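A.B. asks: the sequence and its predicted three-dimensional model are supplied below.
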Amino acid sequence: MPLSPNCELTDFLKIFDITDFPTTPFSPFVFYNKDGNSLEFYISPNDFYSERVDDYLTMLLDMDSNNIVGFIIKNIKQICEKVSASKSAWEFVVTDGNIKLHTLITAFLVLNEKTHENNTIDNILVREYKKIVNIIEEQKIDKVSLRDLDFACVS
């Protein structure tokens, strides 16, 4: 049975006699990308495009609605190192071997020099980071094990 360029995935799978597809519903998740040194958050299975916010944050936006379907926090090791350098901030970030992501992001935002360059607060940057903190809390994807991150943030 030859395939046309416009064939559906189900047609393709029938050729290989694959008819039993998993039908588990999508569940939001966070993934540590070791090669990319990033945390990737997905809250929807929709197709997306990316929009870079700054050196650390990239938003993943729905192709049709432009709603946030996820985001990527890059340079996560450097973020952890920066926050852990402030021992008082780090005590709020790590509990029971888990990193509380919304607290890590908030602490990083406060410590990040770009947040308050030229003695002014970058309200746009703060607003974007607040969006992801809210998503993390709403979707209950707030904790990542230090072991899952595969590096030690604390000396």
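C.D. replies: Sure thing, it's come through.
A.B. asks: can I assume Ala89 sits in a strand?
C.D. replies: No - under DSSP: H, G, I helix; E, B strand; the rest coil, Ala89 sits outside any strand and is assigned helix.
A.B. asks: that one touches Cys80, doesn't it?
C.D. replies: No - using C-beta atoms under 8 Å, Ala89 is not in contact with Cys80; the gap is 11.0 Å. Just so you know, the C-beta spots here come from the backbone N, C-alpha and C atoms, and that holds for glycine as well.
A.B. asks: from the rest of the structure, what touches the longest helix belonging to the chain?
C.D. replies: What stands out as the longest helix in the chain, according to DSSP state H, is helix 123-138. Residues from elsewhere that reach helix 123-138 (C-beta atoms under 8 Å, 6 or more residues apart in numbering): 41, 43, 53-54, 57, 59, 68, 71, 73, 101-102, 105-106, 109, 114-115, 142.
A.B. asks: please indicate which of those residues are buried?
C.D. replies: For these, a burial check counting by 16 or more other C-beta atoms under 10 Å picks out 41, 43, 53, 57, 59, 68, 71, 73, 101-102, 105-106, 109, 115, 142.
A.B. asks: identify the farthest-apart pair in the residues you listed.
C.D. replies: Ile43 and Thr115 (24.2 Å; C-beta to C-beta).
A.B. asks: got any ranges where this protein has weak pLDDT?
C.D. replies: Counting by pLDDT under 70, the ranges of the chain that qualify are 1-23, 88, 90, 92, 113-121, 146-155.
A.B. asks: strands of that one, start to end?
C.D. replies: Ranges of strands within the chain are 29-33, 38-42, 48-52, 57-62, 68-74, 94-95, 98-100, 143-145, based on DSSP state E.
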